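A.B. asks: need coordinates for the following:
(one chain, ligands or ions: 1)
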Amino acid sequence: MASRSFKASRSNLSSNSDMPDSNNKPPIPPTVTFGRRTSSGRYISYSRDDLDSELGSGDYMNYTVHIPPTPDNQPMDPSVSQKVEEQYVSNSLFTGGFNSVTRAHLMDKVIESETNHPQMAGAKGSSCAIPGCDAKVMSDERGEDILPCECDFKICRDCYADAVKAGGGICPGCKELYKITDLDEVAADNNARPPLPLPLPKVLSKNERRLSLMKSTKSVLMRSQTGDFDHNRWLFETKGTYGYGNAIWPKEGGFGNDKEDEVVDRTELLNKPWRPLTRKLKIPAAVLSPYRLLIFVRMVVLALFLAWRINHPNTDAMWLWGMSIVCEIWFAFSWLLDQLPKFCPINRSTDLNVLKEKFETPSPNNPTGKSDLPGIDIFVSTADPDKEPPLVTANTILSILATDYPVEKLACYVSDDGGALLTFEAMAEAASFANIWVPFCRKHAIEPRNPESYFSLKRDPYKNKVLPDFVKDRRRVKREYDEFKVRINGLPESIRRRSDAYHAREEIKAMKLQRENREDEPVEGVKIPKATWMADGTHWPGTWLTASPEHSKGDHAGIIQVMLKPPSDEPLHGADDDARLIDLTDVDIRLPMLVYVSREKRPGYDHNKKAGAMNALVRASAIMSNGPKNTSEENRSLRMGDSDDEEMNLSLLPKRFGNSTFLIDSIPVAEFQGRPLADHPAVKNGRPPGALTIPRELLDASTVAEAISVISCWYEDKTEWGERVGWIYGSVTEDVVTGYRMHNRGWKSVYCVTKRDAFRGSAPINLTDRLHQVLRWATGSVEIFFSRNNALLASSRMKFLQRIAYLNVGIYPFTSIFLIVYCFLPALSLFSGQFIVQNLNVSFLTYLLAITLTLCMLAILEIKWSGIELEEWWRNEQFWLIGGTSAHLAAVLQGLLKNTEHA
Ligand SMILES: O=c1ccn([C@@H]2O[C@H](COP(=O)(O)OP(=O)(O)O[C@H]3O[C@H](CO)[C@@H](O)[C@H](O)[C@H]3O)[C@@H](O)[C@H]2O)c(=O)[nH]1
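C.D. replies: Model prediction:
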C-alpha cells in the first residue's frame, strides 16, 4: 500500500487528491503545492508558484493519500524513482526558515546561458535513469528528450540499445515491453506525443533507502559499553579475516594458498609494520644547520647586548635607561617566542603509491578497487560580492572541483552570507564552466587548477605536455574562460537590467489592473516593491538590490541549491558524439557535488559572522553528504550502547546538537569514515578495508528540506553550538579560539604548507580594509590574552610548542606599545631636558650601530633562506609597521579599557 502525506492548499484539494504515482504522471497544474514532513517535523512543499506568495498557516491541512497497488499503480523500481527525485532535487531551489514552510521551487534555468552537464541544475537534457549511468538521454534537434517508452523512463542511447538487444526489449522503468524498438520511430513517436510532465518526486520512506549502504558495515559500528569500538567482538565475528587486507590473508584453515609461492607466514605478516601514508623527510643538514646557527648567533648577540645594557645603566637618565631596557627585553622575548616553533622544521611527504595501494587496490573486500577513501567536504565562505569579487570566488570553486580526489567522495559547499543573486549566478556559471575546465585539467594534468592563475602563468604552457591535441584544447578552453569571465563580470549589469525589465512589466500589469477596477477614476502611478528577479522569471528569495523586508542582508530566508548533483558512482567518459568543445573520449567527465547555501538571516538574531556561517555549513553538509546510511534503529542502538558515556548520552544529544535527528544520526557515520583503515592488527578502532566503497545514496527532497531546517536562524537556540560544538562564537578571531579549544582537548594538528598553493582566496587590497583586518586580528588576540583561552591557562594536553604559538598570538599586539615607547624615547628625553645623545657615551652608539647592522644582515639572510621575495618582505614590513603602530595599539587600548570596565 503506497501511503503519502501531502500538505495542500484547500482550494487545490481536488487536484491533490488525484495525486498520481510517478508511473502515471499528468502535468502539474502551476498552483499545486504539496509537501511532506521531514524528520524534524517541518514541511517541505513543492511548488512552481511565485516564491513570495505566502502560505498562510490557516490555509493548510494535512491528509494522507493511500493509493492501492493496481495494474496502473505499481511501485516503480526504487533506484529509478530515486534518480528521478534526485534530478528533481538538483533542479530545485530550496528555501525556508523561521515561521515559513520549506519549499522546493523547480527552476527551468538558473542562469541565462545554457547549461548542459548532466549533473548541473537546470541542465538542458536530462540524464539517464539507469543506476550507475549519467549519460544524457537522447534528444531531438530541438533539444527535447526522446523517451522510448510510454512510461517516460529516461534512458540514454547506449542503455536503450542494451535494453533492446540484451534485455529482451523490456523497459527498465515499467518492466513492460518497448512498443517501438527502432530509434527513428521513437523520435517520430515522441514528436507526436503531448509535452512531458514535470518529473514528480516519488515519496519513499527514508528507511527503505537507508537499508542499502552500511549494511555490510553494520557490525563494524559495534561499540562496547564504554563507547569504545569492540575490537574483540569484531575479531570474533569476522573470524579474524579483517586486518591488513584479505588480498594476502590466507583462506580459512591454513596459511597456505594453492600456489606455493604465495605461502605467507602469519607471524611475519603480523610483525610487518604497515606502511605509513606520510613520511617525515629529513631536512638536509646543509640547510638546517646554518639556519639553526643563525638563530643561535642572533640569540647570543641579543643576550650579550642585553647583558651589556643591563650592566651599564645610565645614571644621568635612569628612567630612560629603564624604559629602553624593558622595551628591548620585550622585543627579545617576542622574537624568541616567534623563533621557537620554527627551530625544528619537518618536511612530510605523502607516498602516493601507498595511498593507492591502501585505498584503491582490488582486494576481496574491494574487488573492483574502488576508492576506499573517506568523503571530503570543502567549504568556501563569502559574504559580500563587492569585497570578495565573484570571479575570485568562482575561480576558487573551479580549483576545488578540479581537485585530484575521487569525484564521488568530494563535495564543495559555498556559503553566501550576503544572500546575493550575483553570487548565486556566479556559482552557477562556475558550475557550468567546470563542465569543460575539470575534464580539461584531468585530460592534460593541468597545474595550477585555478583557471585565472593557470592562464596568467608566465612559463611555457606547452612544456611537458604530451598529448597532440593539447594546443588545440588549451586554445578552446582559454576562449571559453575569457567568455566565462565576460559573463561573470557582466552579471551585475544583467541582473539589474533583467530586474528592471520584470519590474516594469509588473508595474504595467498592476496599472492595467487598477484601470480595470476603477474605470472612471484617473490612474495614479502604481508603486510595487522593486524585486530582484532570477533567470527563470521568479523572485530571488535572498537579498534584493533594493532592500525590502524579508529581502535584505540581515533578513532573508535560508536558501539551498544543489548546483551540481552528486556524480554517479562509476566513471562517466565523454563520448565521441558529445557536442563538446574538446575530445573527452576516455576522460571522466563527472564533477563533484556543488551546493550553494545561504543561511537564514533575521533581525534580532546574532548570526555570529563567519563562525555562524561555518556552523550552518557543518550541519547542512553533515546531512547532505554525510547523511546517516544506517537505519535509525541501528543508530539508536548504537547510541543506546553508549548511554553510559556522558558524551553520547541520548537525552543530551538534542540539547547539544539541536533537534535534527538526521544530523545526530550522521555523527556516527562521519566518525566511522574518519577512522584509520584497519589494514594491520596494530590499528585500533579502525574501519575495515572496503567499508567505504559502497555507493552513496541519492539525494532526496526530504534530505535537502532537513538541511534547510538546520540552516535556519533558530536552530542553534538553546544548544551547544558555538560553545562546545562547532566553531566557537564570541571572538572576532573564531578560527584561533576554535583551534585553541581543540588543541586544549588534546587534538593534534599539522601545519601544512604545500609546495603549490592548494587553493586561492581573496585578501583586502586597500589600506583601509587591511587596517580593519589587522585591528580585528589584534582585538581577537587581546581578547584571547584576557580570556580563559589564554595559553598560560591551557590544559596539560596541549603541546609545549602549541602553547608557545598561542602565547605569541595573544601577546603580539602588546609589542606595539613597546615599539611606540621605544621610538619616542629620544623625543621624550628632549621634553625632559635630558637629550639622550648627550647622556650616552660614544662606545654605546658604536655598539648599537654594529648590533643593528648585524641584526639587519642576519634578518635579510634569514628571509633569503626562507625563499620569500625581498619585495614581499619589504611590503609586509611596511604593513607591519603601519598596522603595528596604529591598529595594534588601538586594539590593546580597547582590550585594556574593556577589561578595566569589567573589573
Ligand atoms: O558574516 C560573515 C562575515 C564573514 N564571512 C566570511 O568569513 C571570511 C573571513 O572574513 P572576515 O571575518 O572578514 O576576516 P578576514 O580577516 O578576511 O579573514 C581572516 O581572519 C578571520 C579571523 O581570524 C579568519 O576566520 C579567516 O579564516 C581569515 O581568512 C570571509 O570569507 C567572509 O566572506 C562570512 O561568511 N560571514
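A.B. asks: what residues does this protein put near the ligand?
C.D. replies: Contacts of the chain with the ligand, taken as CB under 6 Å from any ligand atom, map to 381-383, 388, 415, 417, 609-610, 613, 733-735, 773, 776-777, 780. For every residue, glycine as well, the C-beta is placed using N, CA and C.
A.B. asks: again, 8 Å this time
C.D. replies: Contacts of the chain with the ligand, taken as CB under 8 Å from any ligand atom, map to 380-384, 387-388, 415, 417, 607-614, 732-736, 761-764, 773, 776-777, 780.
A.B. asks: endpoints of stretch 343-350, how far apart?
C.D. replies: 23 Å (CA to CA, to the nearest Å).
A.B. asks: on that earlier part again, from the residues of the chain next to the ligand, which would you call buried?
C.D. replies: Taking 16 or more other CB atoms under 10 Å as the criterion, what is buried in the residues of the chain next to the ligand is 380-383, 388, 415, 417, 607-614, 732-734, 736, 777, 780.
A.B. asks: name the helices or strands packed onto the longest helix along the chain?
C.D. replies: The longest helix of the chain (DSSP state H) is helix 470-517. Helices and strands touching helix 470-517, as assessed by 3 or more CB pairs under 8 Å, 6 or more residues apart in numbering; DSSP states H and E, comprise helix 390-401, helix 421-444, helix 451-455.
A.B. asks: follow-up on the earlier one: now, the residues of the chain next to the ligand that are in strands?
C.D. replies: 380, 381, 382, 415 (DSSP state E).
A.B. asks: what's the closest of the residues you listed to residue 302?
C.D. replies: Of all those, residue 302 sits closest to residue 381, with 41.3 Å by CB to CB.
A.B. asks: just confirm the closest one contacts residue 418, I think it does.
C.D. replies: No - using CB atoms under 8 Å, residue 381 makes no contact with residue 418, being 10.6 Å away.
A.B. asks: dump the ones in strands among the residues of the chain next to the ligand to CSV, plus pLDDT.
C.D. replies: Shown next, in CSV, are those (pLDDT from 0 to 100):
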residue, pLDDT
380, 96
381, 95
382, 96
415, 98
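A.B. asks: for residue 442, state which of these is nearest.
C.D. replies: residue 380 (21.1 Å).
A.B. asks: who does that closest one bridge with?
C.D. replies: Judged by DSSP bridges, the bridge partners of residue 380 are residue 414.
A.B. asks: contact partners for it?
C.D. replies: Residues near residue 380 by CB atoms under 8 Å, 6 or more residues apart in numbering: 393, 396, 397, 400, 412, 413, 414, 415, 761.
A.B. asks: what's the distance between the closest residue to the first one other than its chain neighbours and residue 477?
C.D. replies: Same thing as residue 393. Closest residue in space to residue 393, ignoring its immediate chain neighbours: residue 382 at 5.1 Å, by CB to CB, 6 or more residues apart in numbering. Counting by CB to CB, to the nearest Å, the separation of residue 382 from residue 477 is 25 Å.
A.B. asks: same thing with residue 734?
C.D. replies: As judged by CB to CB, residue 734 and residue 477 stand 38 Å apart.
A.B. asks: same thing with residue 819?
C.D. replies: Residue 819 sits 50 Å away from residue 477, going by CB to CB.
A.B. asks: kindly report the same for residue 670.
C.D. replies: On the measure of CB to CB, residue 670 and residue 477 end up 36 Å apart.
A.B. asks: cool, and residue 147?
C.D. replies: Counting by CB to CB, the gap from residue 147 to residue 477 is 33 Å.
A.B. asks: which one's more surrounded, residue 670 and residue 477?
C.D. replies: Per other CB atoms under 10 Å, whichever of residue 670 and residue 477 has more neighbours is residue 477, with 24 against 18.
A.B. asks: which residue, other than its chain neighbours, is closest to the more buried one?
C.D. replies: Residue 477 sits nearest to residue 440 (CB to CB, 6+ apart), 4.9 Å away.
A.B. asks: so the one you found sits right up against residue 582, yeah?
C.D. replies: Yes - applying CB under 8 Å, one finds residue 440 in contact with residue 582, separated by 6.4 Å.
A.B. asks: show me which of those two is the more surrounded one.
C.D. replies: Neighbour totals were compared for residue 440 and residue 582, and residue 440 leads with 27 against 21 (other CB under 10 Å).
A.B. asks: residues contacting that one?
C.D. replies: Residues in contact with residue 440 (CB under 8 Å, 6+ apart) are 446, 473, 474, 477, 582.
A.B. asks: so the last one is in which element?
C.D. replies: To tie it back to what came earlier, the one meant is residue 582. Residue 582 belongs to no helix or strand when elements are defined using DSSP states H and E.
A.B. asks: measure the residue of the stretch 551-700 of the chain found nearest the ligand to residue 450 for me?
C.D. replies: At 3.2 Å from the ligand, residue 610 is the closest residue in the stretch 551-700 of the chain, using CB to the nearest ligand atom. Distance, residue 610 to residue 450, by CB to CB: 22 Å.
A.B. asks: so which bits of the one helix or strand residue 328 maps to are buried?
C.D. replies: Counting by DSSP H and E, the element that carries residue 328 is helix 318-339. Within helix 318-339, the residues that count as buried by 16+ other CB under 10 Å are 320-321, 323-324, 327-328, 330-332, 334-335, 337, 339.
A.B. asks: for residue 492, state which of these is nearest.
C.D. replies: Nearest member of the buried residues of helix 318-339 to residue 492, counting by CB to CB, is residue 334, at 45.2 Å.
A.B. asks: what number of residues lie near whatever residue of the stretch 1-150 of the chain ends up closest to the ligand?
C.D. replies: Proximity of the stretch 1-150 of the chain to the ligand (CB to the nearest ligand atom) peaks at residue 97, 16.7 Å away. Using other CB under 10 Å, residue 97 has 25 neighbouring residues.
A.B. asks: residue contacts, it?
C.D. replies: Taking CB under 8 Å, 6+ apart, we find residue 97 in contact with 557, 558, 600, 602, 708, 711, 712, 713.
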